[in-house]
Each structure stands twice: as structure tokens, then as C-alpha cells.
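> Sequence plus predicted model, see below.
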Amino acid sequence: MRKTRVMVHTWLRKNSSGFILLPWLIVAMSCLSLKYNLLVSGGFRESALGFRASGLLSGGEKFLLFRLDLLFCFLYLPLVLCCLAYLLPQWVRLPLSALAAMAVELALVLEAGVFQSLGTFVSLKTLWASAIWMLNSGNPCPLEELDTAFAAWLLAVIVVTALAYHALRRSVRWVNYACLAIFGAGALAGALTLLSRFPDMAWSAPLVESAAYGLAEVNPAANAVMEVKTRDLPGLLRLYREISLTPPPSHSDLFGKAPDYNVLLFVMEAIPAQVFDPANDPLRDMPNVRRLREHALVSQRHYTSFPLTNRATFSIFTSLYTSRAVGPEIDGRRIEFPGMILSLKRAGYRTGFYGYVWKAATERDDCMLPSLGFDRIVEPAIDPAADPDGATTFFGDVKFVASHDAEVLHSLRQDIRQWTMRKQRFVAAFFPEIGHDPWRSLGGPDSASLQERGHALAVHQDSWLGELIQELERGGALQHTIIVVTADHGLRMLRAPSSPQGLQLVSHGKLEDIVMRVPLLVYVPGVLSSPAVIPWPSSHIDLAPTVLDLLGVTAGRELEEGKAIWNPALAKRRVFLPMDTFGATGFVDRDGYYMRNTAGTIFKSSTLHFSDQDVMARDSAEVARVQDRLAIEDELQRTLVSRVLLSYVPDAARPAAGSGRGTAFTGAGIWSRLRRFW
């Protein structure tokens with residue numbers, strides 16, 4: 001026994017593991033602290049809802065959720081770090097520990113900050129894209145959303161590393177012993193939690209592992225992912241039709257009933273069906289929409305494909321979902337993306353887009369729109385000094401935005417006049433920005449409710465619609481023009497003076513009707529003699545098939561995921577409602593609305609609003625089916641868009657092996673942005 005004590009004492013006296021692990025102690029404490037903050041902020045409660053109806057756990061049960069955090073941070077990862085360190089020269093060990101701690105801490109704090117803002121972890125690709133956007137715009141505002149812990153924890157790692165180095169040089173052994181004792185106590189606490197059989201829940205996983213999954217974009221449903229990745233492009237489309245219950249391609253009664261009609265799309269910004277619903281509202285203060293409704297298809301349950309403008313725009317024109325910006329993938333390449341605009345362009349139509357064009361480094365709508373087939377893109381003449389990154393357009397004075405909307409509206413009217421005079425068929429899309437959330441007052445009383453402000457913005461745009469109708473009538477084109485009136489998405493943000501930037505999300509980590517359900521009216525003169533109300537769910541992916549079916553166009557439609565909205569077979573379809581940017585995803589089918597939140601908890605409701613009472617038992621067969629469907633859909637849409645992009649890049653335009661993807665991501669480009677940023 002004495003010999004053993006002597007051996008342990010000798011090992012401790014010679015060993016410097018405590019010094020090496022001292023920087024990692026900051027990471028371990030930070031991880032526990034961040035996870036505790038998520039617990040008290042509600043993330044754990046939503047996770048616990050699948051285990052206990054109230055979502056409330058006892059103190060001991062909450063402690064057991066830290067089981068793997070304790071083992072990872074105080075046993076597994078420190079052992080790995082020590083093994084690596086002792087394989088290297090002595091002078092490298094402490095710097096290695098410090099660098100590893102700083103890298104992990106940076107990832108943890110960034111992911112925790114993103115989680116608090118969006119309700120979900122994000123991939124390394126997304127973080128990189130955000131950094132490029134900040135460098136390109138010179139606007140570090142996303143960093144302001146992170147807690148002061150961002151700097152505090154990293155500073156702590158640096159300070160503690162310096163102290164460890166000083167203590168190591170001076171042979172202050174108690175620092176070594178104290179650090180080893182703390183790690184031993186943490187490992188023992190983790191081991192004690194293994195004595196309990198408390199069920200695993202979504203947040204039982206260690207925070208460092210959850211954040212790493214986000215960084216690596218790992219999909220836990222490996223079988224579902226493999227099923228997607230092993231299919232070719234036609235196979236992916238067949239898989240989508242299988243999981244969405246989409247009926248097979250077929251011609252309908254209205255196919256070709258509006259041949260050679262012009263097409264005008266009026267897409268309002270951030271106007272949900274709660275403030276403007278052409279299917280149910282009397283429309284007494286919107287005479288122009290009311291006039292169109294008399295000969296139109298109107299949907300009672302139409303949903304955006306994604307609550308971001310350019311993702312929704314992509315779906316409207318291509319009939320494909322996307323959860324990412326397509327612009328950077330096309331940057332510098334001559335791509336013509338199949339869809340409604342390209343099909344009509346090849347059929348002899350003139351094509352035009354009229355509205356604000358987002359040019360953030362990671363978005364590049366100026367690249368996406370030409371690829372969709374628009375040969376005329378009219379954007380407002382905005383002084384870059386007045387609106388360098390779009391913030392003034394999105395959040396500034398309403399008169400600033402209205403003046404630019406009126407500017408592009410005037411250009412659209414002039415083009416319609418020229419086209420109608422020449423008997424030239426056209427497809428034009430008008431995207432005004434005046435409705436961008438948070439909703440701005442048009443000069444009415446400050447006491448106006450949210451509903452009143454939103455409706456006033458829709459009424460204001462009805463007058464712009466009236467101007468376009470007058471222009472079509474003047475040229476004798478109204479009676480052979482399809483007019484689509486909809487919105488890109490619903491309300492996402494509110495003014496909130498208490499938040500760092502005066503904004504807060506309407507829905508944090510949950511699908512909501514006011515975010516996803518939008519108005520839809522499709523005016524088809526000479527075809528419909530009365531309003532045709534569509535009661536089943538429809539989506540933005542259905543707009544291109546609806547218009548092209550009415551026109552009788554068949555060419556270039558092999559990649560459509562949507563269907564014409566009047567098809568009664570759609571009553572059995574499963575419509576996906578992606579909202580990953582805001583921390584949830586789900587779908588609607590005949591059985592109701594389903595949602596998966598960031599904790600992996602599945603909700604089911606009869607409406608697109610979810611409460612704690614809508615949580616489903618985690619071990620049910622229905623939950624397993626929902627998880628599989630959503631996992632397949634997540635991977636399917638990522639893979640499908642990538643395959644389509646690669647399929648439609650001309651060989652001459654494909655980047656050579658090993659070449660960069662565009663100037664925005666070259667070393668020189670990044671260096672120039674760094675210089676401007678600082």
C-alpha cells in the first residue's frame with residue numbers, strides 16, 4: 001500500500017497533466033454554463049415535453065441531463081488531449097491545449113449565440129457564409145447578437161494559459177494538483193449519473209457534440225440520408241413524389257385553356273393571409289383585388305415554400321424547394337435554370353423582374369435571377385451610401401422604400417405599354433418591398449394594431465395593382481393576361497425595443513400560420529366565370545405548374561415538384577413547410593399539421609399553431625414515421641438542388657478540378673474584404 005502511495009506521489013510530482021489541461025478547464029466550465037443557460041431559456045423544457053406532459057423536470061432529473069457533458073468535458077476529451085500532448089515535444093503541449101480550447105470555445109459560443117437567435121445550430125458552411133457577408137458588407141451587426149461571453153470566455157482561455165505557463169515554469173505544483181482534482185471530481189460526477197436509468201431525451205446529448213453536429217451538418221437519420229444520396233436525379237424526383245404523395249403527371253381540365261396569355265406576378269413582401277385573404281375577405285377596401293377575384297382561382301390554404309424572399313422566389317419560378325441561396329453556387333457560371341421563366345422565354349415571351357435585388361455576398365440574387373431566365377431586371381436606383389447592405393430598404397423609413405417601389409412600378413408600366421403596343425407576349429414579376437417586416441406605419445395612428453398595420457400595407461399595394469390593371473386595359477391586354485397575386489412569405493419579425501437590434505422573431509423555433517400562410521389569387525379571364533375556391537393546401541412550388549398548365553406549355557417541365565392547384569388529387573398530398581432558418585420544419589397532410597422543433601420533439605395539431613399540449617410521445621410509431629419523412633425531405637432537397645445545378649452547368653463553364661468557385665471566395669477577394677471591414 002505504501003509503495004502504491006509513493007508511486008502515485010512520484011507520478012503527481014513529475015506529471016504536468018494539470019498544467020496542460022488548465023486551458024481545457026475553461027471549455028468544460030463554459031460548456032456546462034452554456035447548457036444550463038439553454039435549460040433555463042426553455043430549450044430543455046421543449047425537449048422534456050416528450051417525456052413528461054408538463055415539461056417540468058426535478059432538479060435531480062435536470063442534473064442527469066448533464067451526464068454526457070460531464071463525461072465528455074472532464075474525462076473523455078481530456079484523456080484524448082493528454083494522449084495527443086504526450087506524443088509531442090514538451091514545449092508544444094501547452095500551446096496545443098490552448099489552441100484546441102480556443103477553437104472548441106469559439107465554436108461553442110458561436111453556436112450557442114446562433115441557437116439563441118434562430119433556435120437551431122448551423123453548419124460550418126453557414127457560419128463561413130455569414131463571415132463572408134460581414135466582410136463584404138463591412139457590417140459586423142450579427143456579432144452584436146452574441147452575448148458578451150463571446151469575448152469573455154476566449155479571454156479567460158488566454159489568461160489561464162498564461163497562468164499555466166507561468167506556474168509550469170515556476171513549478172507551482174499545487175496548480176497542477178488542483179486542476180487534476182477538479183477534472184477528477186467532474187469525471188466522478190459523470191460516473192455517478194450512470195447509476196440512474198433516466199430516459200434519454202433530445203438534450204441528453206453533450207452540448208459539444210450537438211454543436212459539432214451542427215458544424216458538420218450531420219443528419220442523424222443515416223439510413224434516410226443514404227436512401228437519398230444513392231439516387232440519380234429522376235430517382236430523387238420519384239422519391240419526392242413518394243414521400244409527398246404527389247399525384248403522377250397528367251393533363252387537367254384547364255390545361256391549355258389560356259394559350260398565349262401574358263403573365264403578371266404581383267408578389268407582396270411579408271404579407272400573411274391573416275391581413276389579406278382573397279379567399280375569405282370581403283375586400284371592400286381593395287377594389288382591384290376584388291375585381292380580379294370574380295374570375296380567379298383563390299386558395300384558402302396557400303403556404304410559402306420558405307420564409308425568406310429569395311428562397312421563396314426560387315420556388316415560385318422553378319417549382320423546387322430550396323433552403324439555401326442559389327446565387328453563390330452560380331456565381332461566374334453561365335447557367336440557365338429550368339422553370340417557368342425559362343420555358344416562357346424559349347416560347348417567345350419577353351421576361352422581366354421588377355424589384356429590389358439583394359446582392360449580399362452569400363445571396364447574390366443578381367446571379368440567381370438571370371439564371372432563371374429573366375432577360376430584363378429593373379431594380380431601384382439606390383444610393384449605396386444611403387443603403388449599403390439593404391438595411392434601409394428592409395428596416396428604414398417607409399417613404400424611402402415606397403419611392404423605390406414606385407420607381408420600378410413606373411418602369412414596369414412603361415414596358416407593359418411597349419409590349420402591348422407590339423403585341424409582344426410577356427411574363428413580368430413585380431416584387432415591392434414596402435411590406436417588409438417589421439411592418440412600418442404608413443402614416444396612420446401610432447395606436448394601430450399589428451393587424452391594422454399589415455392590412456394597410458396590403459391596401460396600399462392594391463392601388464399599385466390598379467395601376468397595372470389600367471395599363472393592361474389601355475393596351476387591350478387585360479383579357480388575355482394571367483395575373484397572380486400572392487406574397488413571398490408571412491410576418492417573421494416585430495419591433496421589440498428590448499432586444500439588441502430592436503427586433504424579435506414572431507416565431508422562435510416553431511412553425512406558425514402567420515409566418516407560413518400567404519394569400520393566393522390567380523386571375524384567368526375568359527376561362528373562369530366565377531371565383532374557384534381551392535380548399536386543400538397548396539404551396540409556392542405549385543405556382544409555376546399552375547401558370548404553365550393554363551398556358552398549355554409542356555417543354556422544360558421535367559423537374560417540377562408542384563402541381564396545378566386545381567387538381568383535386570392534391571387533397572391527399574403532403575405539403576412540406578420548411579423553416580429551417582427559424583428553427584423548425586414540418587408538413588401538413590390529411591391527418592393534420594406536424595412540426596419538428598430544434599430539440600427533435602414532434603408536435604401534431606389540427607391548425608398551424610403548436611402548443612405544449614400538441615407534443616407527441618417520443619416512442620410512438622407515428623413519431624418515428626414523421627422523423628423519417630422529415631429526414632428524407634431535408635436531405636432530398638439539399639441533394640436535389642445540387643444535382644440540378646451540376647446537370648445544367650454547360651461543360652465549358654464548369655470549373656476545373658481544384659479551381660475556386662468564384663472571386664468572392666478567393667484569397668485576394670477575402671483579403672480585400674478584410675481590409676475594408678477593419
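Sure thing, it's come through.
> quick check, A428 in a strand?
Yes: assessed with DSSP: H, G, I helix; E, B strand; the rest coil, A428 lies in a strand.
> hang on, isn't it packed against V267?
No: counting by C-beta atoms under 8 Å, A428 does not reach V267; the two are 11.2 Å apart. Bear in mind the C-beta positions are built from the backbone N, C-alpha and C, glycine included.
> Next, find the distance separating the spatially closest residue to T486 that is not a sequence neighbour from H609.
Once flanking residues are discounted, T486 sits nearest to L520: 4.8 Å by C-beta to C-beta, 6 or more residues apart in numbering. For L520, the distance to H609 equals 20 Å [C-beta to C-beta, to the nearest Å].
> of those two, who's got more company?
L520 (29 against 16; other C-beta atoms under 10 Å).
> Please tell me how far the more buried one sits from V484.
For L520 relative to V484 (C-beta to C-beta), the value is 8 Å.
> biggest helix in this protein by residues?
Longest helix in the chain, counting residues (DSSP state H): helix 90-118.
> Quick check, A381 in contact with H410.
No: counting by C-beta under 8 Å, H410 is not a contact partner of A381; they are 11.6 Å apart.
> Looking at the two, which has the bigger crowd around it?
Neighbour count, other C-beta under 10 Å: between A381 and H410, H410 has more, with 13 against 8.
> Which secondary structure element is home to the more buried one?
Using DSSP states H and E, H410 maps to helix 398-421.
> ok now that helix, how far from the chain's centre?
Chain-centre distance of helix 398-421: 30 Å, with C-alpha atoms, centre = their mean, to the nearest Å.
> which residues are contacting that helix?
Here helix 398-421 makes contact (C-beta atoms under 8 Å, 6 or more residues apart in numbering) with 262, 350, 352, 354-356, 376, 378-382, 386-387, 392-393, 424-426, 428, 430, 432-434, 436, 440-442, 460, 464, 467-468, 471-472, 474-477.
> Okay, and which of those map to strands?
Among the contacts of helix 398-421, the ones falling in strands (DSSP state E) are N262, R350, G352, Y354, G355, R376, V378, F426, A428, F430.
> what sits opposite the fifth one in the beta ladder?
Which is G355. Beta-bridge partners recorded for G355 (DSSP bridges): F431.
> neighbours around D437, how many?
Around D437 there are 25 residues (other C-beta under 10 Å).
> State the phi and psi torsions of it.
With angles defined as degrees, to the nearest 10, D437 sits at phi -80, psi 150.
> Check the gap between it and F353 for me.
Using C-beta to C-beta, one gets 22 Å for the distance from D437 to F353.
> got it, and G435?
For G435 relative to F353 (C-beta to C-beta), the value is 18 Å.
> ok now do A185, which residues does it touch?
F74.
> circling back: quick one: work out the angle between the helix holding H410 and strand 426-431.
For helix 398-421 against strand 426-431, the angle by axes from the mean of the first three to the mean of the last three C-alpha atoms, to 10 degrees is 170 degrees.
> could you dump helix 398-421 to CSV, C-alpha only?
Provided in CSV are the C-alpha atoms of helix 398-421 (Å, rounded to 0.1, in the frame of the first residue of the first chain):
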residue,chain,number,x,y,z
VAL,A,398,-41.3,53.7,-45.3
LYS,A,399,-41.2,56.7,-47.6
PHE,A,400,-37.7,55.6,-48.7
VAL,A,401,-39.0,52.2,-49.7
ALA,A,402,-42.2,53.4,-51.2
SER,A,403,-40.4,55.8,-53.5
HIS,A,404,-38.2,53.0,-54.9
ASP,A,405,-41.2,50.6,-55.3
ALA,A,406,-43.0,53.4,-57.3
GLU,A,407,-39.8,53.8,-59.4
VAL,A,408,-39.8,50.2,-60.6
LEU,A,409,-43.6,50.2,-60.9
HIS,A,410,-43.2,53.1,-63.3
SER,A,411,-40.6,51.1,-65.3
LEU,A,412,-42.9,48.1,-65.4
ARG,A,413,-45.8,50.2,-66.7
GLN,A,414,-43.7,51.6,-69.5
ASP,A,415,-42.5,48.1,-70.5
ILE,A,416,-46.1,46.8,-70.5
ARG,A,417,-47.1,49.7,-72.7
GLN,A,418,-44.3,48.9,-75.2
TRP,A,419,-45.1,45.2,-75.2
THR,A,420,-48.8,45.6,-75.7
MET,A,421,-48.3,48.1,-78.5
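> taking the mean pLDDT, what do you get for it?
Mean pLDDT, helix 398-421: 95.
> Same question for stretch 536-553.
97.
> same thing with stretch 562-577?
95.
> list the buried ones in it?
Across stretch 562-577, burial judged by 16 or more other C-beta atoms under 10 Å covers G562, K563, A564, I565, W566, N567, L570, R573, R574, V575, F576, L577.
> picking that back up, what's the farthest-apart pair in the ones in strands among the contacts of helix 398-421?
N262 and G355 (18.3 Å; C-beta to C-beta).
> looking at this structure, which helix or strand does the model trust least?
Lowest on mean pLDDT, DSSP states H and E among the helices and strands of the chain sits helix 667-677, with a mean of 41.
> low pLDDT regions in the stretch 501-650 of the chain?
501-504, 507-508, 581, 599, 648-650 (pLDDT under 70).
> you'd agree V228 is up against D628?
No: using C-beta under 8 Å, V228 is not in contact with D628; the gap is 11.6 Å.
> Flag every buried residue along stretch 235-252.
Residues of stretch 235-252 classed as buried by neighbour count (16+ other C-beta under 10 Å): L236, L237, L239, Y240, R241, I243, S244, T246, S252.
> Is the fourth one within a helix or a strand, and which one?
Element membership for Y240, per DSSP H and E: helix 233-244.
> For that helix, give me every contacting residue.
Looking at what lies outside helix 233-244 - C-beta under 8 Å, 6+ apart - the contacts are 227-228, 231, 246, 248, 558-559, 561, 573-576, 629, 632-633, 636, 639-640, 643-644, 647.
> In helices, which of those fall?
Cross-referencing those against helices under DSSP H gives E227, V228, R629, I632, E633, L636, T639, L640, R643, V644, S647.
> Which pair in those residues has the greatest spatial separation?
R629 and S647 (25.7 Å).
> Neighbour count: the two, which is higher?
With neighbours defined as other C-beta under 10 Å, R629 and S647 compare such that R629 has more, 21 against 11.
> Correct me if wrong: that one contacts D589.
No: with contact defined as C-beta under 8 Å, R629 does not reach D589; the gap is 9.5 Å.
> Now the common contact residues for those two.
Residues touching both R629 and D589 by C-beta under 8 Å, 6+ apart: R574.
> Which parts of the protein belong to which domain?
Split into domains by automatic domain parsing, the chain comes to 2-216, 233-653.
> Not counting its neighbours along the chain, what's nearest H302?
L520 (3.8 Å).
> Against S441, how distant is the one you found?
If you go by C-beta to C-beta, the gap between L520 and S441 works out to 26 Å.
> do E407 as well
Relative to S441, and taking C-beta to C-beta, E407 is found at 21 Å.
> Pick out whichever of the two has more residues nearby.
Neighbours were counted for E407 and for S441 using other C-beta under 10 Å; E407 has more, 16 against 13.
> check contacts around the spatially closest residue to D462 that is not a sequence neighbour.
Computed as C-beta to C-beta, 6+ apart, the closest residue to D462 that is not its neighbour in sequence is M286, at 4.1 Å. Going by C-beta under 8 Å, 6+ apart, M286 touches F276, A458, V459, D462.
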